[in-house]
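Q: Pasting the sequence and the predicted model now:
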Amino acid sequence: MNNDKSTFAVLERRHGATLSPDELAFESGAHPVRIREMCRDGRIHAVKIGSRWRIPLAAAAAFLEGDESHE
């Protein structure tokens, strides 16, 4: 994806306000287990609701753009 604004807009159209680890894995080509590990250790900003992780669009866009400062 080209830039943060377009990445954010595309993700919002496809997924709404947040993504699951599986959705981010699909968008990035990473394995869902790796995405969950990154959520757990704080490399991807995410919120755990019950037993499920939810990743805000800004954090997902930052991850897809390769920005490691989104923690």
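A: Noted; the coordinates are in hand. Note that the coordinates shown come from a computational prediction; the quantities given were computed from them, not determined experimentally.
Q: gap between His15 and Thr7?
A: 12 Å (C-beta to C-beta, to the nearest Å). From N, CA and C alone the C-beta is placed, and that goes for glycine too.
Q: Ile55 falls within a strand, correct?
A: Yes: counting by DSSP: H, G, I helix; E, B strand; the rest coil, Ile55 falls inside a strand.
Q: Now do the phi/psi pair for the spatially most central residue of the chain.
A: By C-alpha atoms, centre = their mean, the chain has its centre lying nearest to Ala60, at 2.7 Å. Main-chain dihedrals, Ala60, degrees, to the nearest 10: phi -60, psi -40.
Q: if we can go back for a sec, more neighbours, His15 and Thr7?
A: Ranked by neighbour count (other C-beta atoms under 10 Å), His15 and Thr7 place Thr7 first, with 20 against 17.
Q: could you point out which element follows the least confident helix or strand in the chain by mean pLDDT?
A: Lowest mean confidence among the helices and strands of the chain (mean pLDDT, DSSP states H and E): helix 4-15, at a mean of 72. Sequence-wise, the next helix or strand downstream of helix 4-15 (DSSP states H and E) is strand 18-19.
Q: how far does that next one sit from the chain's center?
A: Distance of strand 18-19 from the chain centroid (C-alpha atoms, centre = their mean, to the nearest Å) equals 7 Å.
Q: And stretch 10-18, by the same measure?
A: Distance, centroid of stretch 10-18 to centroid of chain: 10 Å (C-alpha atoms, centre = their mean).
Q: can I get the CA coordinates of that stretch in PDB?
A: The C-alpha trace of stretch 10-18 is given here as PDB (Å, rounded to 0.1, in the frame of the first residue of the first chain):
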ATOM      1  CA  VAL A  10      -8.500   0.800   2.400                       C
ATOM      2  CA  LEU A  11      -8.500  -1.000   5.800                       C
ATOM      3  CA  GLU A  12     -11.500   1.000   7.000                       C
ATOM      4  CA  ARG A  13     -13.500   0.100   3.900                       C
ATOM      5  CA  ARG A  14     -12.600  -3.600   4.200                       C
ATOM      6  CA  HIS A  15     -12.800  -4.100   8.000                       C
ATOM      7  CA  GLY A  16     -14.300  -1.200   9.900                       C
ATOM      8  CA  ALA A  17     -12.700   0.400  13.000                       C
ATOM      9  CA  THR A  18     -10.500  -2.600  14.000                       C
END
